[in-house]
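Q: pasting a predicted model and its sequence here:
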Amino acid sequence: MLPRRKGGEEPVRVEPELEQTQTYSLRTPTGITGLDRIIDGGLIRGKTYLVAGETGTGKTIFSLRFILKGIEIGEPCVYVPFDETIEGTVEGALTLGWDLETPMRKNMLRILDARPFFAEVVREKFMAEVVREIVKELKRHVTEIGAKRLVIDPVAPLIGEVVDVSWTRDFIRGFVTAVEKFLGCTTIITSEVPTGSGLLSRFGVEEFLASGIIKLAIVSIENRNLRTLTVRKLRWTRVDLTPYVYEIKPLEGIVLLEPLHEYVKKLKE
Ligand SMILES: Nc1ncnc2c1ncn2[C@@H]1O[C@H](COP(=O)(O)OP(=O)(O)O)[C@@H](O)[C@H]1O
Ligand SMILES: [Mg+2]
């Protein structure tokens with residue numbers, strides 16, 4: 001934490017060791033190979049982060065890796081997949097060598113099939129009430145297993161068919177704010193941006209609500225499609241805006257290689 005500063009005064013100097021310990025305890029690692037190193041050790045606990053990208057860029061794999069790291073370090077997780085069933089998620093994870101069933105049995109992980117519940121509340125109620133009910137339901141699960149991490153993957157279809165974009169924006173604004181305020185988890189929301197749009201989020205509000213944005217993309221260079229990860233924004237963290245090339249591999253999931261420009265230079269050699 002930064003030392004308090006009264007108007008006009010110089011910042012208070014802190015012993016380097018002390019500063020480092022404090023910074024570290026504020027953060028929790030993502031588990032993504034190579035990522036924590038470039039974001040000062042991880043994400044700030046209790047904050048909400050957006051992982052944005054087109055379909056197939058690796059948002060779900062990113063989310064699951066974040067969850068598995070949580071389980072590994074004793075932080076129980078709640079995962080809410082919106083374009084996959086619980087069984088589908090468990091089976092898909094197995095293709096990467098990830099066992100989700102054991103942590104589920106041990107109450108370290110809870111996967112919620114929230115779609116029917118959300119569809120119902122949305123049909124019948126006003127928005128503020130919808131937000132309240134959804135957050136209440138999430139809170140119940142978070143409390144039951146003492147979750148420290150939460151993933152909503154992706155945040156948009158939560159409201160079923162999108163008929164009214166401004167309603168949706170208000171909903172996402174209310175929902176994300178309430179999640180951060182009432183659930184106290186380090187939260188990842190994913191957002192699926194339309195292919196080729198170059199947007200940071202689907203509804204244009206998610207990026208303003210998040211404490212950080214990680215953008216996943218597929219770029220075409222030298223006749224090759226490369227996966228890239230860019231840290232677009234990260235509050236209270238030194239940000240290196242360089243896109244990094246990454247691969248998707250069994251067990252590790254997402255593995256950051258090197259900065260795109262260095263990777264491309266090597267390709268040309
Ligand atoms: N078992 C696997 N091994 C290697 N790559 C995989 C595996 N499973 C999925 N992938 C890669 O990950 C991509 C999908 O990642 P996913 O996280 O589901 O994307 P998103 O959630 O952004 O749509 C696939 O298109 C494929 O290239
Ligand atoms: Mg996905």
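A: Looks like it came in fine. Ligands and ions are numbered 1, 2, ... in the order given.
Q: ranges for the strands of the chain?
A: Applying DSSP state E to the chain gives strands spanning 27-28, 43-44, 48-53, 77-81, 109-111, 149-153, 186-192, 212-221, 224-234, 244-249, 253-259.
Q: how about a markdown table for those strands, with mean pLDDT, distance to Val135 and mean neighbour count added?
A: (C-beta placed from N, C-alpha, C; glycine too.) A markdown table is the format used below for the strands of the chain (pLDDT from 0 to 100; distance: least, C-beta to C-beta, whole Å; neighbours: other C-beta atoms under 10 Å):
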| stretch | mean pLDDT | distance to Val135 | mean neighbour count |
| --- | --- | --- | --- |
| strand 27-28 | 94 | 22 | 21 |
| strand 43-44 | 96 | 21 | 24 |
| strand 48-53 | 96 | 13 | 25 |
| strand 77-81 | 96 | 12 | 25 |
| strand 109-111 | 98 | 16 | 21 |
| strand 149-153 | 97 | 11 | 25 |
| strand 186-192 | 96 | 12 | 26 |
| strand 212-221 | 95 | 21 | 18 |
| strand 224-234 | 95 | 25 | 18 |
| strand 244-249 | 98 | 32 | 18 |
| strand 253-259 | 97 | 29 | 19 |
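Q: relative to Glu133, which of those is closest?
A: Each of these has some distance to Glu133 by C-beta to C-beta; the shortest is strand 77-81, at 14.2 Å.
Q: each with direction, which strands does the closest one pair with?
A: Counting by DSSP bridges, the strands paired with strand 77-81 are strand 109-111 (parallel), strand 149-153 (parallel).
Q: show me what contacts the closest residue to ligand 2 within the chain?
A: As assessed by C-beta to the ion, ligand 2 sits closest to Thr60 within the chain, at 3.3 Å. Counting by C-beta atoms under 8 Å, 6 or more residues apart in numbering, Thr60 makes contact with 81, 84, 92, 153, 190.
Q: excluding its backbone neighbours, what's nearest Val142?
A: Leu183 (5.2 Å; C-beta to C-beta, 6 or more residues apart in numbering).
Q: any idea how far Val130 is from the one you found?
A: 16 Å (C-beta to C-beta, to the nearest Å).
Q: burial of Gly74, as a residue count?
A: By other C-beta atoms under 10 Å, 9 other residues sit near Gly74.
Q: Thr48 versus that one, what's the distance?
A: 21 Å.
Q: so which of the strands paired with strand 77-81 is nearest ligand 1?
A: strand 149-153 (7.1 Å; C-beta to the nearest ligand atom).
Q: now the angle from that closest one to strand 186-192?
A: 10 degrees (axes from the mean of the first three to the mean of the last three C-alpha atoms, to 10 degrees).
Q: just so I know, which of the strands of the chain lies nearest Thr168?
A: Using C-beta to C-beta, those put strand 186-192 closest to Thr168, at 11.9 Å.
Q: who are the packing partners of that closest one?
A: For strand 186-192, the contact count by 3 or more C-beta pairs under 8 Å, 6 or more residues apart in numbering; DSSP states H and E identifies strand 48-53, helix 59-72, strand 149-153, helix 165-183 as packing neighbours.
Q: and these, which one is worst for confidence?
A: If these are sorted by mean pLDDT, helix 165-183 sits at the bottom with a mean of 89.
Q: now for that helix, which elements pack on it?
A: By 3+ C-beta pairs under 8 Å, 6+ apart, helix 165-183 packs against strand 48-53, helix 127-145, strand 149-153, strand 186-192, helix 206-209.
Q: and those as TSV, adding distance to Arg65?
A: Output for these, formatted as TSV (distance: least, C-beta to C-beta, whole Å):
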stretch	distance to Arg65
strand 48-53	11
helix 127-145	19
strand 149-153	10
strand 186-192	10
helix 206-209	20
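Q: between those, which gets nearest to ligand 1?
A: So among the helices and strands packed on helix 165-183, strand 48-53 is nearest, using C-beta to the nearest ligand atom, at 5.4 Å.
Q: is the closest one anywhere near ligand 1?
A: Yes: under the criterion of C-beta under 6 Å from any ligand atom, ligand 1 is reached by strand 48-53 at Gly53.
Q: got the angle between that strand and strand 149-153?
A: Going by the same axes, to 10 degrees, strand 48-53 makes 30 degrees with strand 149-153.
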